[in-house]
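Enquirer: Mind folding the following:
(one chain, ligands or ions: 2)
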Amino acid sequence: MSLLELHGVTRSVRLPDDRILQILRGIDLTVDAGEHVSIVGRSGTGKSTLLNILGLLDTPTAGEFLLDGVPIGRLSGRVRARRRGADFGFVFQQFNLLQARTALENVAAPLLYAQGKQFWNRKRLAAEMLERVGLGDRLDTMPEKLSGGEQQRVAIARSLVRGPRVILADEPTGALDVDTGGEVMDLLDTIAQENGSALIAITHDLAVASRAKRHFRLAEGVLAPIAIGARSAGSLDGLGTTMEHVPDGEDHQAEHVAVPLGTVASAAAATGSTGAHGPGAGPGSTLDDLFGDSVVAS
Ligand SMILES: Nc1ncnc2c1ncn2[C@@H]1O[C@H](COP(=O)(O)OP(=O)(O)OP(=O)(O)O)[C@@H](O)[C@H]1O
Ligand SMILES: [Mg+2]
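Expert: Ligands and ions are numbered 1, 2, ... in the order given. Okay, the predicted model is just below:
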């Protein structure tokens, strides 16, 4: 049984003029425990929408989503909120740290929703996690005093502190320079692996995408597996020729068709791709949305 399974998942929204916008048009995706998967795609193709569904922040319009083999539609809102807090960690492009809280308080925040030892030992666990991301000497620093890369490391520590089974990262390096982004991804990769967490990373950056074991491209609401050429692991130059399409159901070594991926990267560079407009909570989410319901700390 897989950890996450999507079968024919769609998501549509009704626009103010009553037209229906089909964002996702039948997504099939299976993710096993500890797996690292990347998803690339142009701005506005539904990547954040998909991630919000995977993270139980949003629900499909149709299709099936199984978590540990159980259709999520069968879970009550309360159970879903608990599962979201306990099983999922989120990392966003804009870090989304609480600006009025120290690094330590930010990382400890998800543990306010945990039970027992995790709740009572939250300061120590948060400090250990910050140590692991190399910020053990910045526990009492406010986010605004940290560099972008350091803030993202705090966000990574926060996403991992409850030992989630899945990390969902929405453009985790989108606001960082290439070198810092690479370091941050190394860290996210390493710690996710050490913790045995699955990592699903959405990115415009092929170098980031190439770290994953399986790669997908989301285009016009449809998800398709792709192969990423070895050259893509280096710089962002020459992106147009480094990504290849693998037809559905084909062996990954089979027939490769070039995809004009340069447009993906340039769209990201041009727009800064906020991803803040998904139908689910996304980057605007509250602590309650992301970490679980507020009854758990009782
Ligand atoms: N609640 C909503 N109402 C109307 N349109 C929406 C809603 N949520 C998302 N959309 C539209 O659906 C499309 C997909 O949005 P989504 O945020 O998932 O894209 P994305 O691939 O994450 O884009 P980006 O790379 O810019 O972050 C966009 O055209 C967006 O405007
Ligand atoms: Mg987005």
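
Enquirer: the strands in the protein, which residues?
Expert: If DSSP state E is used as the criterion, the strands of the chain fall at 4-14, 20-31, 36-40, 62-67, 70-71, 88-92, 166-170, 198-202, 214-219, 222-228, 243-245, 257-258.

Enquirer: Can you list the strands that the second one pairs with?
Expert: Put plainly, it is strand 20-31. Take DSSP bridges as the rule and strand 20-31 pairs in its sheet with strand 4-14 (antiparallel).

Enquirer: quick one: buried residues of the longest helix anywhere in the chain?
Expert: Scanning the chain for the longest helix, with DSSP state H as the assignment, gives helix 178-195. By 16 or more other Cβ atoms under 10 Å, the buried positions in helix 178-195 come out as Thr180, Gly181, Gly182, Glu183, Val184, Met185, Leu187, Leu188, Asp189, Ile191, Ala192, Asn195. Yep, even glycine has a C-beta here, placed from its N, CA and C like the rest.

Enquirer: distance of the second one from ligand 2?
Expert: From Gly181 over to ligand 2 the distance is 16 Å, taken as Cβ to the ion, to the nearest Å.

Enquirer: Hmm, that residue is touching Asp205, no?
Expert: Yes: the pair Gly181 / Asp205 is scored as a contact, 6.8 Å apart, by Cβ atoms under 8 Å.

Enquirer: Let me know the pLDDT of Ala157.
Expert: At Ala157, the model reports a pLDDT of 95.

Enquirer: lowest-confidence stretch among the strands of the chain?
Expert: Looking at the strands of the chain, the bottom one is strand 257-258 with a mean of 31.

Enquirer: residue contacts, the residue nearest to Pro164 when sequence neighbours are not counted?
Expert: Leaving out its chain neighbours, the residue that sits closest to Pro164 by Cβ to Cβ, 6 or more residues apart in numbering is Gly89, at 3.9 Å. Residues in contact with Gly89, defined by Cβ atoms under 8 Å, 6 or more residues apart in numbering, are Pro110, Arg158, Ser159, Leu160, Val161, Arg162, Pro164, Val166, Ile167, Leu168, Ser197.

Enquirer: can you tell me which of those residues are in helices?
Expert: Arg158, Ser159, Leu160.

Enquirer: The first one: how many residues sit nearby?
Expert: By the measure other Cβ atoms under 10 Å, the count of residues near Arg158 is 29.

Enquirer: from memory it sits against Asn106, does it?
Expert: Yes: counting by Cβ under 8 Å, Arg158 does reach Asn106; the two are 5.6 Å apart.

Enquirer: What confidence value was assigned to Asn106?
Expert: 97.

Enquirer: Does it touch Thr141 like I think?
Expert: No: if you go by Cβ under 8 Å, Asn106 and Thr141 don't touch, sitting 10.2 Å apart.

Enquirer: Between those two, tell me which one has more neighbours.
Expert: Neighbour count, other Cβ under 10 Å: between Asn106 and Thr141, Asn106 has more, with 25 against 16.

Enquirer: gap between that one and ligand 2?
Expert: 22 Å.

Enquirer: contacting residues around Arg214?
Expert: Glu35, His36, Val37, Ser38, Pro225.

Enquirer: Quick check on these: which are buried?
Expert: Buried members of the contacts of Arg214, counted by 16+ other Cβ under 10 Å: Glu35, His36, Val37, Ser38, Pro225.

Enquirer: Pipe these into CSV and attach distance to Arg78 per row.
Expert: As requested, these are exported to CSV (distance: Cβ to Cβ, whole Å):
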residue, distance to Arg78
Glu35, 28
His36, 31
Val37, 28
Ser38, 32
Pro225, 36
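
Enquirer: Show me the shaky parts of the stretch 151-298 of the chain.
Expert: 229-298 (pLDDT under 70).

Enquirer: so what's in contact with Gly181 and Asp205 at the same time?
Expert: Thr173.
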